[in-house]
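Q: generate a structure from the sequence data that follows.
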Amino acid sequence: MKKQTLSMLCCLLAIAACRQPLTDEPVTLDEAKLSVALLAVPDYATVTITNVKSGKYLETSGSPTLNEKFKDNAQLQQWQFSGPAGQMDNWQKWHVIYQTTAGGVKYYHIRNLYSGKLLDVPSGTGSSGTILQQYAAFPLLADQQLWRMQDLGNGQYKIFNKGNGLALSVQGGSTANGAKAIQETAVTDTKQQWTVSSIAADTWRDDEVVRFFHRNSASLGSSAFDQGNTIPLTWSSNNGKVLWVTQDAWDGSQVQPNGLFNCGAFHSYSNSVFIQPSKTNWNPNNAPNMTITTSTSGKPKQIFNIQPGTAWTWSGPGIEIGDKVYVQCGEGNGLNATGQSLYRLTQSTGTQWVSERFMPNGLSGTPSINYSTGMVKPGDGYVYVFGSQGISFNYESNIHVARFAVNTPFQWQYYNGSAWTSSPTTGTAARITTGKGSNSVAYLNGKYIHMTMDQGFNCETTRNIYISTSSSPTGPFTTPVKVYTIQEYFKGQYARYYTPVVHPEFDNGRQELLLTYCLNFSGCDQESCEGAWLDPYWYRVKGIRVPYGKIGL
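A: Numbers count the residues shown, from 1 in each chain. Model prediction:
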């Protein structure tokens with residue numbers, strides 16, 4: 001819940017220099033020395049692609065601090081190894097992904113880990129000498145994004161585009177940093193030969209997921225928001241659908257013809273829910289908002305009513321039980337939480353549902369533990385609800401757990417470090433683990449997965465995401481593993497980020513766990529608006545995938 005990140009902002013600025021790190025930085029390894037020549041091309045591999053003539057790596061061009069390496073149409077170039085302390089930057093890492101066979105020849109997508117976008121021929125042109133680019137994957141296979149790997153032996157390849165037959169090359173055969181990657185008629189020069197080396201699987205940005213949140217249609221409802229919890233459904237014809245639960249949300253009607261909001265615009269509702277038609281359908285136009293008929297604010301897309309005397313209801317994690325869905329919500333004013341509750345949604349096969357508010361034992365009053373960190377149903381007859389208690393001025397957290405039997409959702413029990421009791425217990429003795437500034441807990445493959453992120457609202461230089469696991473809801477958890485560093489910037493400064501969520505239900509068939517986080521409009525000492533406009537990009541969910549093997553799943 002974002003208030004845990006925001007409520008101590010003034011204190012955070014005052015004491016930032018005094019905080020202690022939760023985990024040690026991992027030992028750095030020289031990734032260039034750990035690569036192995038790819039002697040045969042598998043169906044899926046993480047690789048570097050190095051030009052034989054120059055010895056330099058294929059990468060996306062552009063300034064990281066201007067977010068240019070994330071963008072469609074970013075040109076490709078070669079560059080020497082780049083990255084801190086021997087750790088290669090992800091814009092020099094690629095996936096080779098088998099897609100189709102035609103005429104006995106295998107064709108692959110080549111995807112950049114940093115951007116999640118594909119090696120692409122601009123407009124599919126057949127012009128020799130054209131500079132190549134990265135671009136989002138098309139909904140259907142397109143020849144301009146398909147590549148043939150001609151094996152030359154010893155891990156070296158020539159790489160040809162399916163659509164025009166031209167070869168991947170370096171412009172002018174240059175050996176300089178920044179020389180552009182082009183397509184051209186095949187020759188015998190080593191400028192068209194590439195060493196493809198296998199490297200360790202790594203976390204990558206899922207561009208398809210990121211683009212799912214580009215919701216610019218007024219008919220859809222929620223257009224930009226923070227928080228993005230998911231609840232997979234199994235009841236009746238909703239089986240296979242997924243609820244996306246948000247906090248403060250702008251409506252699609254606020255999006256202007258240029259895709260931006262007017263500067264000074266304010267969000268339309270403090271929470272919302274929209275319905276993804278399946279776990280594999282990432283078309284934003286197919287995910288309409290849920291509505292209710294009992295809104296106390298005259299806002300049918302605001303699913304969880306704001307309570308008298310409060311200014312917001314921020315929805316959090318939830319779980320399905322039968323035809324009901326239970327969602328934890330926080331309530332408060334300004335940046336201060338004054339309470340929390342449990343809502344029950346009654347499903348329909350359409351978009352109009354029924355929403356009711358309940359108060360389980362132990363949740364009333366001003367919360368010291370916000371049970372917004374996770375809600376899981378592992379199959380043992382209980383639902384486990386995880387909460388965070390901010391410590392060290394919210395640079396760190398104590399993680400706590402409660403539970404309820406699946407048939408008695410309003411009768412909660414709280415773990416005090418040794419037993420289950422009827423009311424919450426704060427402090428170190430009752431915690432099940434510790435976290436950084438913001439946290440999420442989910443369940444997969446018999447493991448409770450704890451995602452934690454460095455404090456992201458004060459633009460600190462340490463901006464990492466960590467994962468730990470446990471076989472028990474009460475711990476112990478493994479030592480956190482750093483899986484990703486957030487590298488988005490706003491006007492050249494660090495972008496604010498928060499609201500982590502683990503999404504174990506989105507199995508992409510590659511054993512890669514989906515994680516999300518959100519950005520906030522402003523950066524350090526930067527105005528939110530850019531001229532007369534407010535860019536929704538800075539208030540939309542971002543998705544990354546972590547290989548199971550990296551985190552012990």
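
Q: could you list the low-pLDDT ranges of the stretch 1-150 of the chain?
A: 1-30, 32-34 (pLDDT under 70).

Q: ok, now the chain?
A: 1-30, 32-34.

Q: make it 90
A: Within the chain, the segments meeting pLDDT under 90 span 1-39, 84-86, 218-220, 335, 366, 392-394, 456-461, 491-494, 521-526.

Q: domain-wise, how is it divided?
A: According to automatic domain parsing, the chain is divided into the following domains: 2-24+204-551, 36-198.

Q: in JSON lines, list those domains along with mean neighbour count.
A: Placement of C-beta: from N, CA and C, glycine included. Compiled in JSON lines, those are given as follows (neighbours: other C-beta atoms under 10 Å):
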{"stretch": "domain 2-24+204-551", "mean neighbour count": "19"}
{"stretch": "domain 36-198", "mean neighbour count": "18"}
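
Q: for the closest residue to F138 other than its chain neighbours, give me its contacts.
A: Nearest residue to F138 in three dimensions, chain neighbours excluded: Q145, at 6.6 Å (C-beta to C-beta, 6 or more residues apart in numbering). By C-beta atoms under 8 Å, 6 or more residues apart in numbering, the residues touching Q145 are H109, L118, L119, D120, V121, Y135, A137, F138.

Q: so which strand or helix has the first one?
A: Under the assignment given by DSSP states H and E, the secondary-structure element containing H109 is strand 105-112.

Q: can you give me the helices in this structure?
A: Under the criterion DSSP state H, the chain contains helices at 2-6, 9-15, 31-34, 207-212, 548-551.

Q: for D189, see how far away the closest residue to A176 other than its chain neighbours is.
A: Nearest non-adjacent residue to A176, counting by C-beta to C-beta, 6+ apart: S54, 7.7 Å away. S54 is 12 Å from D189, where distance means C-beta to C-beta, to the nearest Å.

Q: before we move on, what about Y135?
A: For Y135, the distance to D189 - C-beta to C-beta - is 27 Å.

Q: what about the contacts of Q145, which are in strands?
A: Counted as lying in strands by DSSP state E, out of those, are H109, L118, L119, D120, Y135.

Q: contact partners for A179?
A: A179 neighbours (C-beta under 8 Å, 6+ apart): S54, K56, Q77, Q78, V170, Q171, G172.

Q: again with R510
A: Here R510 is in contact with Y44, R545, P547 (C-beta under 8 Å, 6+ apart).

Q: and the last one, how far is that from V502?
A: This means P547. 14 Å.

Q: with the first one instead?
A: When distances are taken as C-beta to C-beta, Y44 and V502 turn out to be 22 Å apart.

Q: same question, the second one
A: According to C-beta to C-beta, R545 stands 11 Å off from V502.

Q: equivalent analysis for N407, please.
A: Distance from N407 to V502, by C-beta to C-beta: 26 Å.

Q: quick one: end-to-end distance for stretch 432-443.
A: 15 Å (C-alpha to C-alpha, to the nearest Å).

Q: cool, stretch 186-204 as well?
A: Across stretch 186-204, first to last residue, C-alpha to C-alpha, it's 32 Å.

Q: from the chain's centroid, how far away is it?
A: The gap between where stretch 186-204 is centred and where its chain is centred comes out at 28 Å by C-alpha atoms, centre = their mean, to the nearest Å.

Q: report the two of the contacts of A179 separated the most.
A: K56 and G172 (13.6 Å; C-beta to C-beta).

Q: those strands in the stretch 301-450 of the chain, which residues are they?
A: Taking DSSP state E, counting those that start in this stretch as the criterion, the stretch 301-450 of the chain carries its strands at 312-321, 324-333, 336-346, 354-358, 370-376, 382-391, 396-405, 413-415, 420-421, 433-435, 438-444, 447-453.

Q: distance of the nearest residue to L515 once chain neighbours are set aside from I369?
A: Take L515 and drop its neighbours on the chain: the residue closest to it by C-beta to C-beta, 6+ apart is I544, 5.3 Å away. As judged by C-beta to C-beta, I544 and I369 stand 28 Å apart.

Q: cool, and G178?
A: Remark: distance between G178 and I369 (C-beta to C-beta) = 52 Å.

Q: cool, T452 as well?
A: Taking C-beta to C-beta, one finds T452 at 16 Å from I369.

Q: the nearest residue to P378 once chain neighbours are set aside pairs with what?
A: Take P378 and drop its neighbours on the chain: the residue closest to it by C-beta to C-beta, 6+ apart is Y443, 5.2 Å away. In this entry, Y443 is beta-bridged to Y448, by DSSP bridges.

Q: my guess is Y443 contacts G379. True?
A: No: the pair Y443 / G379 is not scored as a contact, 9.1 Å apart, by C-beta atoms under 8 Å.

Q: where do the strands of the stretch 451-553 of the chain begin and end?
A: 464-470, 481-485, 489-490, 493-503, 512-523, 533-534, 541-547.

Q: how about the strands in the stretch 51-200 of the chain?
A: 57-60, 76-79, 94-102, 105-112, 118-120, 133-135, 147-153, 156-161, 167-170, 181-184, 194-198.

Q: of all those, which one is nearest G475?
A: Using C-beta to C-beta, those put strand 94-102 closest to G475, at 34.3 Å.

Q: which elements pack onto the closest one?
A: For strand 94-102, the packing partners by 3 or more C-beta pairs under 8 Å, 6 or more residues apart in numbering; DSSP states H and E come out as strand 44-51, strand 105-112.

Q: and that strand with strand 44-51, angle?
A: Between the axes of strand 94-102 and strand 44-51, defined by axes from the mean of the first three to the mean of the last three C-alpha atoms, to 10 degrees, the angle is 110 degrees.

Q: okay, now the sheet partners of strand 94-102, with direction.
A: Going by DSSP bridges, the partners of strand 94-102 are strand 44-51 (antiparallel), strand 105-112 (antiparallel).

Q: mind putting those strands in TSV, distance to N73 included?
A: Compiled in TSV, these are given as follows (distance: least, C-beta to C-beta, whole Å):
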stretch	distance to N73
strand 44-51	20
strand 105-112	13
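
Q: and those: which comes nearest Q526?
A: strand 105-112 (27.3 Å).

Q: what residues does the closest one touch?
A: By C-beta under 8 Å, 6+ apart, the surrounding residues in contact with strand 105-112 are 41, 49, 59-60, 90-91, 93-101, 117-119, 134, 137, 145-149, 159, 162, 204.

Q: starting at the chain centroid, how far to that strand?
A: 24 Å.

Q: next one: stretch 349-365
A: 27 Å.

Q: please apply the same query to stretch 477-485.
A: 15 Å.

Q: can you give me the angle the strand holding H109 makes with strand 156-161?
A: Going by the same axes, to 10 degrees, strand 105-112 makes 90 degrees with strand 156-161.

Q: send the alpha carbons of strand 105-112 over as PDB?
A: Taking C-alpha atoms only, strand 105-112 is exported to PDB below (Å, rounded to 0.1, in the frame of the first residue of the first chain):
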ATOM      1  CA  VAL A 105      14.900 -23.300 -42.000                       C
ATOM      2  CA  LYS A 106      14.400 -22.200 -38.400                       C
ATOM      3  CA  TYR A 107      13.700 -18.600 -37.700                       C
ATOM      4  CA  TYR A 108      14.100 -16.700 -34.400                       C
ATOM      5  CA  HIS A 109      13.100 -13.600 -32.600                       C
ATOM      6  CA  ILE A 110      16.100 -11.700 -31.200                       C
ATOM      7  CA  ARG A 111      14.900  -9.800 -28.100                       C
ATOM      8  CA  ASN A 112      16.700  -7.200 -26.000                       C
END
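
Q: and the angle from that strand to strand 147-153?
A: 100 degrees.

Q: beta-bridge partners for the nearest residue to G456 once chain neighbours are set aside, please?
A: Spatial nearest neighbour of G456, excluding adjacent residues (C-beta to C-beta, 6+ apart): Y497 at 3.9 Å. Note on Y497: beta-bridge partners by DSSP bridges are L519.
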